[in-house]
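1. build me a model from this:
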Amino acid sequence: MQELLVQLAGWALLVGLWAVFIWQYRKDPRRLGLAALLFPLALFSVAAVLDLLSTLVPGFGFLIAIVMVLTPLIVLIFGGALVYNGVLMWRREGARISNLLSLAAGVLVLILPVLAVLLVQLNTWWSYSLAFILFMVSVFTACLFAMMLLYAWVHAKFQAKTLGAAAVILGARTINGKVTPLLRGRLDKAIELYASQTEPQLLMVPTGGQGHDEQEPEGVSMARYLREQGIPAEQILVEDRAKDTIENLKFSDSLVRERQAEGKLWLVTSDYHALRAALASRQMGLEARAYGGKTAAYYRPSAFLRECVAIARDQLKLMILLALPFALSLAGLIFLTTRAGV
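-> Okay, the predicted model is just below:
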């Protein structure tokens, strides 16, 4: 009876926390703190469901044990997939550092477990400490990426239904005045949003300045594409000065408010970039929602890893707060190993 009451209390707590998350998410999803709540909440919920199934379904616990035994193989496959993606990015997009992040991540996934085992086999206090440092850093980094990936998915799938004043399409590199497939994905998403709202009619704001290797500002090239796709010229406001995401948002908001004082901005970018754009708009005090256009599948892993690094940099205080439990555990074990003199 007591065990049943404990289980019911646990389920009630989970339901209550989910209610808090949904309430806060509906108020404003552009807060990374909600990702920090969602990730452990999802883990505990999955664990609770698995525990319930293990109790109710004969043999289910054995299936979970098989999955646990296969974890090293899963890690090996995951690391190999990242390496393959990194090589693919290298061949298709060039050897820039930003294109090699999935390759670097895959190599680390494959090497770090081997290095940890070798350190433990040395059987000294410093090798145990170093192995534990590697383990805790790896766990923290993996949890961080998983947290952002989960929240980026939730943010993309569960958008609040609000009227927009303008679709602000964030620019990307153009070639000879033509939009690339990456940028076309953003523009096509904006056109889809334009068609979804007839009253009030959505303003379209292609935003982006001119790079050193571009023949005209990105905003101009994007506006031409929009007109070719049937968007009326009077609904297009070209922003042609911005050099980064912050300037995209700042300059575009100024343009829109000259025409329409009220209403949310619908920020349109690539799917991997939508969460960071949304977080940036909140930091700037803008009323906005972010939407992601389709990106080639091979491009997403490195691009999302790059976005995670950028989000961690922008949200440094939260990152330090999240790292504290890992840092305290690490400091405690190192203290114990040095005192024991292993």
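2. so what secondary structure elements neighbour the longest helix along the chain?
-> Identified as the longest helix of the chain according to DSSP state H is helix 125-157. Contact partners of helix 125-157 among helices and strands, from 3 or more CB pairs under 8 Å, 6 or more residues apart in numbering; DSSP states H and E: helix 32-56, helix 101-121, helix 274-283, strand 288-293, helix 300-314, helix 316-340. Placement of C-beta: from N, CA and C, glycine included.
3. let's have these in a markdown table, adding mean neighbour count and mean pLDDT.
-> Formatted as a markdown table, the helices and strands packed on helix 125-157 follow (neighbours: other CB atoms under 10 Å; pLDDT from 0 to 100):
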| stretch | mean neighbour count | mean pLDDT |
| --- | --- | --- |
| helix 32-56 | 15 | 91 |
| helix 101-121 | 16 | 90 |
| helix 274-283 | 22 | 94 |
| strand 288-293 | 24 | 94 |
| helix 300-314 | 19 | 92 |
| helix 316-340 | 13 | 80 |
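4. need those in JSON lines with distance to Asp253, can you?
-> As requested, these are arranged in JSON lines below (distance: least, CB to CB, whole Å):
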{"stretch": "helix 32-56", "distance to Asp253": "22"}
{"stretch": "helix 101-121", "distance to Asp253": "31"}
{"stretch": "helix 274-283", "distance to Asp253": "9"}
{"stretch": "strand 288-293", "distance to Asp253": "8"}
{"stretch": "helix 300-314", "distance to Asp253": "19"}
{"stretch": "helix 316-340", "distance to Asp253": "25"}
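5. just so I know, which of these lies nearest Glu234?
-> Checking the helices and strands packed on helix 125-157 against Glu234 by CB to CB gives strand 288-293 as the closest, at 22.9 Å.
6. that closest one pairs with which strands, parallel or anti?
-> The pairing partners recorded for strand 288-293 under DSSP bridges are strand 264-270 (parallel).
7. which outside residues touch the strand it pairs with?
-> With contact meaning CB atoms under 8 Å, 6 or more residues apart in numbering, strand 264-270 is reached by 162-170, 172, 182, 185-187, 189-190, 193, 202, 249, 252-253, 256, 274, 277-278, 281, 286-293, 295, 303.
8. got the domain boundaries for the protein?
-> Domain assignment for the chain by automatic domain parsing gives 2-69, 71-156+316-340, 163-295.
9. so which of those comes closest to Ala310?
-> When the domains of the chain are compared (using CB to CB), the closest one is domain 163-295, at 6.0 Å.
10. what about the closest one, start to end distance?
-> End-to-end distance of domain 163-295: 25 Å, with CA to CA, to the nearest Å as the criterion.
11. could you do stretch 255-274 as well?
-> 21 Å.
12. quick one: buried residues of it?
-> Neighbour counts over stretch 255-274 (16 or more other CB atoms under 10 Å) mark 255-256, 263-274 as buried.
13. among these, which has the minimum pLDDT value?
-> Of all the buried residues of stretch 255-274, Gly263 carries the smallest pLDDT score, 86.
14. residues in contact with that one?
-> 163-166, 200, 287.
15. can you put the residues you listed in JSON lines and add distance to Ser45, secondary structure and pLDDT?
-> Formatted as JSON lines, the contacts of Gly263 follow (distance: CB to CB, whole Å; DSSP: H, G, I helix; E, B strand; the rest coil; pLDDT from 0 to 100):
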{"residue": "Leu163", "distance to Ser45": "33", "secondary structure": "coil", "pLDDT": "85"}
{"residue": "Gly164", "distance to Ser45": "33", "secondary structure": "strand", "pLDDT": "90"}
{"residue": "Ala165", "distance to Ser45": "37", "secondary structure": "strand", "pLDDT": "91"}
{"residue": "Ala166", "distance to Ser45": "38", "secondary structure": "strand", "pLDDT": "94"}
{"residue": "Pro200", "distance to Ser45": "40", "secondary structure": "coil", "pLDDT": "83"}
{"residue": "Glu287", "distance to Ser45": "32", "secondary structure": "coil", "pLDDT": "92"}
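16. of the residues you listed, closest to Gly94?
-> For the contacts of Gly263, the nearest to Gly94 is Ala166 (34.1 Å; CB to CB).
17. would you agree the closest one is in contact with Leu237?
-> Yes - between Ala166 and Leu237 there is a contact at 7.3 Å, judged by CB atoms under 8 Å.
18. make TSV out of the domains of the chain and add distance to Val309.
-> As requested, the domains of the chain are exported to TSV (distance: least, CB to CB, whole Å):
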stretch	distance to Val309
domain 2-69	14
domain 71-156+316-340	8
domain 163-295	10
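19. could you report the pLDDT at the spatially closest residue to Ile191 that is not a sequence neighbour?
-> The shortest distance from Ile191 to any non-neighbouring residue, by CB to CB, 6 or more residues apart in numbering, is to Gln229 (5.6 Å). On the pLDDT scale, Gln229 is placed at 95.
20. quick one, phi psi at Gln229?
-> As for Gln229, its main-chain torsions (degrees, to the nearest 10) stand at phi -90, psi 10.
21. give the contact list for the residue nearest to Leu275 when sequence neighbours are not counted.
-> Among residues not flanking Leu275 along the chain, Ala152 sits closest, at 4.4 Å (CB to CB, 6+ apart). For Ala152, the contact set (CB under 8 Å, 6+ apart) comprises 272, 274-275, 304.
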